[in-house]
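[1] Okay, sequence plus prediction incoming.
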Amino acid sequence: MVVGLPKNMDGTLGPSAEAAQAFARSLERALGIPIHLWDERLTTLSAERALIDAGMRRRNRRAVVDQVAATMILQDFLGYRRAAAERGDA
């Protein structure tokens with residue numbers, strides 16, 4: 001499972017990132033499966049731009065932008081894992 005880690009733009013961890021880390025630890029204990037934290041900087045902006053490029057109206061974008069951002073986070077994580085496996089790092 002992947003949980004977005006909302007780092008500050010300078011890479012530091014603020015209150016939101018600390019809350020995400022605590023959530024991930026709780027989730028890992030509750031589910032008994034590994035939880036991976038993944039940097040989510042700029043994913044909402046990227047999702048918003050993708051939806052604009054797709055021609056979606058503003059009021060409709062609000063309903064799905066977080067879902068699209070979550071999809072982008074998961075795609076980035078899976079791409080990283082695939083590349084690591086191909087290099088033999090996994």
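    On my side now, so go ahead.

[2] all contacts plus neighbour counts: C-alpha atoms, from now on.
    OK.

[3] In this structure, which helix is the longest?
    For the chain, the helix with the greatest residue count under DSSP state H is helix 58-87.

[4] before we move on, what SS does residue 37 have?
    Using DSSP: H, G, I helix; E, B strand; the rest coil, the structure places residue 37 in strand.

[5] so it touches residue 25, yeah?
    No: look at residue 37 against residue 25 with Cα atoms under 8 Å: they stay out of range, at 10.0 Å.

[6] More neighbours: those two, which one.
    For residue 37 versus residue 25, neighbours defined as other Cα atoms under 10 Å are more numerous around residue 37 (18 against 14).

[7] and the more buried one, what does it touch?
    Contact analysis of residue 37 by Cα atoms under 8 Å, 6 or more residues apart in numbering lists 2, 3, 4, 5, 21, 24.

[8] In strands, which of these fall?
    Judged by DSSP state E, the contacts of residue 37 include 2, 3, 4, 5 as members of strands.

[9] Closest to residue 80 out of these?
    Using Cα to Cα, residue 2 comes nearest to residue 80 of the ones in strands among the contacts of residue 37, at 12.4 Å.

[10] Which residue comes closest to the closest one once chain neighbours are left out?
    Leaving out its chain neighbours, the residue that sits closest to residue 2 by Cα to Cα, 6 or more residues apart in numbering is residue 36, at 4.7 Å.

[11] doesn't residue 3 make contact with the one you found?
    Yes: counting by Cα under 8 Å, residue 3 is a contact partner of residue 36 at 6.1 Å.

[12] Now the common contact residues for the two.
    residue 24.

[13] Return the distance of stretch 62-75 from the chain's centre.
    The chain centre lies 8 Å from the centre of stretch 62-75; the measure is Cα atoms, centre = their mean, to the nearest Å.

[14] Neighbour count: residue 36 and residue 3, which is higher?
    residue 3 (19 against 15).

[15] OK, contacts around the more buried one?
    Residue 3 neighbours (Cα under 8 Å, 6+ apart): 20, 24, 35, 36, 37, 38.
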